[in-house]
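Novice: Got a sequence here, can you model it:
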Amino acid sequence: MISWYRSERVHSGLGPESGTEAMYVRYFEQERPRLLGIAYRILGSRAEAEDAVQDTFLRWQALDIDGIESPGAWLTTACTRRAIDLLRASYRSRVDYVGNWLPEPVHTLTDNSVETQMELSSSLSTAFLLMLERLTPTERAAYLLYEIFEMSYVDVAASLEMNEPACRKLVSRAKSRIGENQVRYRPAAARQEALLSAFENAIRTGDLGSLAATLASDVRLTADGGGKVAAVMEILEGDAVLRFLTSYLVGWWSDYQWEVAELNGSKGLILREKGSIIAIVSFAFDNADRITDIFIVRNPDKLAGFDAVKLH
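Specialist: Okay, the predicted model is just below:
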């Protein structure tokens, strides 16, 4: 049997002894976006996802890959297992996290004309990633690989080193624990832009009348400062959200530079002061296109390097 490795050499015009390192790198770079997407959804952290992918690359470089029949499966397995290990470690560190923890925001590339891309984008939302926090690391990985990346139970089981019946039970248990997919709903792009415009106008002018009409009655506001910058420590709900916006954000944020961007699969806001990112704001919506959640990330560690990576 001719391995994928030898076939790739022939296809690329490489001699039997030349270009091995270039081939390793080229193939890995083709797979990198998918691996980064898997790792980020498992971890909820761009920085840790990049670490998982880099660790996978180092293992990949050290392999004698001539005998690997399916390099994509190997890379998926290695990256998934590394991400699970990092997630277990991060759960332990979150015990000491100050205030509310939110996933690290990422730029996303979306294409509303492609159904699969919309599915992938919706699985990046802050609300969805928070819902995944209910799962164990292995449940989270199994659910994502099967439901989001559409791998077969056979392949998911192989990636997680378990038998197929156990894998099926794991995914079923994950589904029951996270419930319905309401948190993956997103309005049409024009409606999102209108909602963001109402939010910005309310903060800039102090007139929250129009914004109030776009909020669900039980709207929540969650802020993540990581104990390093000022941020509300409790999760606000209902009328407390409007009071907070009026009493604090109107004064604090009115003079910042506002930028609409694709964030975690939907449109969100980047706020800057003299070019530096001060806060990233994303939203969740219900089926009536009302804002159900406002997520504010201010932890400088989660804002550093924000512009460097875009995810599918």
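
Novice: need the helices for the stretch 101-250 of the chain, in chain order.
Specialist: Using DSSP state H, counting those that start in this stretch, the helices found in the stretch 101-250 of the chain span residues 115-122, 126-132, 137-143, 153-160, 164-178, 189-205, 209-212, 239-244, 250-253.

Novice: What mean pLDDT does the third one get?
Specialist: Which is helix 137-143. Helix 137-143 shows a mean pLDDT of 95.

Novice: Make CSV from the helices of the stretch 101-250 of the chain and add mean neighbour count and distance to Arg220 to it.
Specialist: For the C-beta atoms, the positions are set from N, CA and C on the backbone; glycine is no exception. Formatted as CSV, the entries for the helices of the stretch 101-250 of the chain read as follows, by neighbours: other CB atoms under 10 Å; distance: least, CB to CB, whole Å:
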stretch, mean neighbour count, distance to Arg220
helix 115-122, 16, 19
helix 126-132, 22, 10
helix 137-143, 23, 22
helix 153-160, 20, 33
helix 164-178, 16, 18
helix 189-205, 16, 15
helix 209-212, 14, 15
helix 239-244, 16, 7
helix 250-253, 16, 19
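
Novice: Can you pull out the low-pLDDT segments for the stretch 101-250 of the chain?
Specialist: 109-120, 180-182 (pLDDT under 70).

Novice: Would you mind stating the distance between the closest residue to Ala174 other than its chain neighbours and Asn287?
Specialist: Using CB to CB, 6 or more residues apart in numbering and skipping the chain neighbours, the partner closest in space to Ala174 is Tyr143 (3.9 Å). For Tyr143, the distance to Asn287 under the criterion CB to CB, to the nearest Å works out to 23 Å.

Novice: For the residue nearest the centre of the chain, which residues are in contact?
Specialist: Against the mean C-alpha coordinate of the chain, by CA atoms, centre = their mean, the closest residue is Leu124 at 4.2 Å. Contacts were defined as CB atoms under 8 Å, 6 or more residues apart in numbering; by that measure Leu124 touches 40-41, 106, 108, 264-265, 311.

Novice: ok, 6 Å please
Specialist: Leu124 makes contacts with 108, 264-265, as judged by CB atoms under 6 Å, 6 or more residues apart in numbering.

Novice: Next one: the spatially closest residue to it that is not a sequence neighbour from Gly225, what distance?
Specialist: Nearest non-adjacent residue to Leu124, counting by CB to CB, 6+ apart: Gly265, 4.0 Å away. Gly265 sits 23 Å away from Gly225, taking CB to CB as the criterion.

Novice: between the two, which one's more packed in?
Specialist: Neighbours were counted for Gly265 and for Gly225 using other CB atoms under 10 Å; Gly265 has more, 26 against 21.

Novice: Hmm, Ala127 and the more buried one touching each other?
Specialist: No. With contact defined as CB atoms under 6 Å, Gly265 does not count as touching Ala127 (10.2 Å).

Novice: So for the two, which residues contact both of them?
Specialist: The overlap between the contact sets of Gly265 and Ala127 (CB under 6 Å, 6+ apart) is empty.

Novice: Show me how this structure divides into domains.
Specialist: Residue ranges for the structural domains of the chain, counted by automatic domain parsing, are given in the record as 4-184, 189-311.

Novice: out of the helices of the stretch 101-250 of the chain, which comes closest to Ser90?
Specialist: Closest to Ser90 of those, according to CB to CB: helix 137-143, at 9.4 Å.

Novice: what's the helix or strand where Ser93 lies in contact with?
Specialist: With the criterion set as DSSP states H and E, the secondary-structure element containing Ser93 is helix 71-93. Residues from elsewhere that reach helix 71-93, judged by CB under 6 Å, 6+ apart: 4, 31, 35, 39, 42-43, 48, 52, 55-56, 59, 68, 137, 141, 159.
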